[in-house]
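In: Structure here, sequence nowhere to be found:
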Ligand SMILES: Nc1ncnc2c1ncn2[C@@H]1O[C@H](COP(=O)(O)OP(=O)(O)OP(=O)(O)O)[C@@H](O)[C@H]1O
């Protein structure tokens, strides 16, 4: 490595700031280094252009060559290595948005002119208690951030365990109604005979067991939000009454003569396909259209396997455990399972493993399409490598299929650098004829 040459190039740095390097974690967390075209050294030595006060970083750790739209990062034979997506690299072309790790320090490359936008985008890695880094979840978060502060009713669709409850609560919390009540009615959990009274309330004597007046959910949610979970379970005969509530904000208690005006927002959720329920005559078309004005879909976990590591880290963090609490082997196993019970099932398995140890990992059947399986009779290191290789191959195949072989799209969807993606595709011989 020719440090003199680097110094000459460094002096040649000129022009406008092209990008910034933001320190996301480690002792220098929060620091931002503007990068102009030219060469920078990164390391612990005070003579480096970007000094990191991290014991696990070498004195001269990394060299960055900043170009117009990309940066070439070269490891300077560092002791602990430079990593991207958990893979060690010696030289890598970095595109804006990418995160690299040196020691315990994570560094993110952000284009200067969109710094503000990037911060906003990264804040979309979560919405309330929901986390997710996949493109699909980020899109859902962007939509949710926009619609939550408004007053319009919302329909959340998603399979069981995809976070519909958490999503409804976060919408309430991020709305001007957050100081008001959040009233939940699980329509699948209330006996059909009681749903009417639960939703609309009743007056004394309206039916045999009505011993006093009772306000229904809509009234109880005054100035707040009503969450109608499993709205598809609402009996057909009650559906016109819900429509009236949505359209006129008026409710009449069972047995009462007059309507009362209510001021609340309705957030409804369903795991069934309501359009199909409409065609089957189980759900009123007018009610569906009224409910579906603002629709958010939470994708199943099998369609966003890249969220699995993020969710696992989040689960470990919320229970006060370090990321190392789960071995790479267990992580690889969890990452290749299709999770029919979605995030709830993943959370249950992670909790089980945390409490009982990794031996308690249930026998997760691998996806029918997947070729990844644990080969227990091999030496540990080899078995682990094969498992990870299998996961990478399955993941990439699925990614390419989803993106119809378009590499740029695949790189965006998987949120991995295009050059790195191409390298992975080459490694797994999946690159034939793909140049898009
Ligand atoms: N994106 C997410 N981030 C973090 N945790 C999540 C996420 N999605 C779901 N969970 C976890 O999964 C659990 C189940 O989520 P939730 O009850 O919101 O799902 P649901 O879609 O409402 O399921 P159901 O249809 O069965 O009621 C939550 O308690 C939470 O721990």
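Out: Here it is on my side, so go on. Remember, predicted model here, so these are calculated numbers, not experimental data. Numbers count the residues shown, from 1 in each chain.

In: in the chain, what residue is nearest the ligand?
Out: Residue of the chain nearest the ligand, by Cβ to the nearest ligand atom: residue 163 (2.7 Å). Quick note: C-beta positions are derived from backbone N, CA and C, even for glycine.

In: Leaving out chain neighbours, which residue sits closest to that residue?
Out: Leaving aside its chain neighbours, residue 163 sits nearest to residue 130 (5.0 Å; criterion: Cβ to Cβ, 6 or more residues apart in numbering).

In: For that neighbour, grab phi and psi.
Out: Backbone torsions for residue 130, taken as degrees, to the nearest 10, come to phi -80, psi 130.

In: ok, it - how many residues close by?
Out: For residue 130, the neighbour count with other Cβ atoms under 10 Å is 22.

In: my read: residue 90 touches residue 76, true?
Out: No: at 9.7 Å, residue 90 does not count as touching residue 76 under the criterion of Cβ atoms under 8 Å.

In: Find residues that contact each of those two.
Out: Common contacts of residue 90 and residue 76 (Cβ atoms under 8 Å, 6 or more residues apart in numbering): none found.

In: more neighbours, the two?
Out: More crowded of residue 90 and residue 76, by other Cβ under 10 Å: residue 76, with 19 against 12.

In: Surely that one is in contact with residue 59?
Out: No: the criterion here is Cβ under 8 Å, and residue 76 misses it with residue 59 at 9.1 Å.

In: list residues touching both of the two?
Out: In contact with both residue 76 and residue 59: residue 43, using Cβ under 8 Å, 6+ apart.

In: what residue ranges in the protein score low on pLDDT?
Out: 1-17, 85, 112-123, 364-378, 432-436 (pLDDT under 70).

In: What parts of it come near the ligand?
Out: 129-132, 158, 160-166, 271, 311, 314, 343-344, 347 (Cβ under 6 Å from any ligand atom).

In: And these, which of them are buried?
Out: Buried residues within those, counting neighbours by 16 or more other Cβ atoms under 10 Å: 130-132, 158, 161-166, 271, 311, 314, 343, 347.

In: out of the residues of the chain next to the ligand, which are inside helices?
Out: 164, 165, 166, 311, 314, 343, 344, 347 (DSSP state H).

In: quick one: which of the residues you listed is nearest residue 210?
Out: residue 165 (29.5 Å; Cβ to Cβ).

In: can you give me the strands in the stretch 51-200 of the chain?
Out: 62-66, 71-75, 82-84, 87-89, 91-94, 99-102, 105-111, 126-127, 130-131, 154-158, 182-186 (DSSP state E, counting those that start in this stretch).

In: Which strands or helices does the third one pack on?
Out: Applying 3 or more Cβ pairs under 8 Å, 6 or more residues apart in numbering; DSSP states H and E, one finds that strand 82-84 contacts strand 87-89, strand 91-94, strand 99-102.

In: so what's residue 351 up against?
Out: 315, 319.

In: tell me the SS of it?
Out: Under DSSP: H, G, I helix; E, B strand; the rest coil, the three-state class of residue 351 is helix.

In: next one: residue 226
Out: Under three-state DSSP, residue 226 falls in the strand class.

In: Domain-wise, how is the protein divided?
Out: 19-111, 126-206+213-293, 302-360, 380-428 (the TED database).

In: The last one spans what distance, first to last residue?
Out: Distance between the two ends of domain 380-428: 22 Å, counting by Cα to Cα, to the nearest Å.

In: Residue 142 versus residue 326, what's the distance?
Out: 30 Å (Cβ to Cβ, to the nearest Å).

In: neighbour-wise, which of the two wins?
Out: Higher neighbour count among residue 326 and residue 142: residue 326, with 22 against 15, using other Cβ under 10 Å.

In: what sits against residue 268?
Out: Residue 268 neighbours (Cβ under 8 Å, 6+ apart): 153, 154, 155, 156, 227, 228, 229, 231, 291.

In: which of these sit farthest apart?
Out: 153 and 229 (14.3 Å).

In: Provide the partner residues of the residue lying closest to residue 31 once chain neighbours are set aside in its beta bridges.
Out: Nearest non-adjacent residue to residue 31, counting by Cβ to Cβ, 6+ apart: residue 23, 4.6 Å away. Note on residue 23: beta-bridge partners residue 107, judged by DSSP bridges.
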